[in-house]
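> model this:
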Amino acid sequence: MTGYQSKRASAIARLEALRESPSLSVRDEIEISRLEEAVDQLPDLVDLVMEQIRIDIETGDLTALEELLGHVPEDILQGYLSELDVGA
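Predicted coordinates:
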């Protein structure tokens, strides 16, 4: 788990714990608000991967993308192609 994933998971776990509390103090409500904002600001893993893909395509380095796509199930790849009307 990377640093940002760990921070995100930790913040989400703390949020869930606070939300399950039967009675929240003002301090807890402030912490919930602060944690929600922090989680919203942490980049999502998909966003980070998409940015890396964009960089790789711009630089012409498709090796990592090819490796990544090698792990995607064939039906998912076929579904993506059908969205583009390939072979029509």
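> could you pull out the helices for this protein?
For the chain, helices defined by DSSP state H occupy the ranges 3-19, 26-41, 45-59, 63-69, 74-83.
> which helices and strands does the third one pack with?
Using 3 or more C-beta pairs under 8 Å, 6 or more residues apart in numbering; DSSP states H and E as the contact criterion, the neighbours of helix 45-59 among helices and strands are helix 63-69. Bear in mind the C-beta positions are built from the backbone N, C-alpha and C, glycine included.
> Contacts for the helix it packs on, please.
For helix 63-69, the surrounding residues in contact (C-beta atoms under 8 Å, 6 or more residues apart in numbering) are 49, 52, 53, 56, 57, 77.
> ok, the first one - contacts?
Spelled out, that is residue 49. Counted by C-beta under 8 Å, 6+ apart, residue 49 has contacts residue 68.
> give me that answer again for 7 Å
If a contact means C-beta atoms under 7 Å, 6 or more residues apart in numbering, then residue 49 has no contacts.
> And it, how far from residue 43?
10 Å (C-beta to C-beta, to the nearest Å).
> just the last one next, same as before
For residue 77, the distance to residue 43 under the criterion C-beta to C-beta works out to 26 Å.
> And for the second one?
Note on residue 52: its distance to residue 43, by C-beta to C-beta, is 11 Å.
> Only the buried residues of the lowest-mean-pLDDT helix or strand in the chain, if you could.
The helix or strand of the chain with the lowest confidence, counting by mean pLDDT, DSSP states H and E, is helix 3-19 at a mean of 82. Neighbour counts over helix 3-19 (16 or more other C-beta atoms under 10 Å) mark 8, 11, 15 as buried.
> which residues sit in contact with residue 28?
Residue 28 is in contact with 18, 21, counting by C-beta under 7 Å, 6+ apart.
> again, only using 6 Å
The contact partners of residue 28, taken as C-beta atoms under 6 Å, 6 or more residues apart in numbering, are residue 18.
> what does the one 10 residues further on give?
Counting by C-beta under 6 Å, 6+ apart, residue 38 makes contact with residue 11.
> hmm, try it at 10 Å
By C-beta atoms under 10 Å, 6 or more residues apart in numbering, the residues touching residue 38 are 7, 8, 10, 11, 12, 14, 15.
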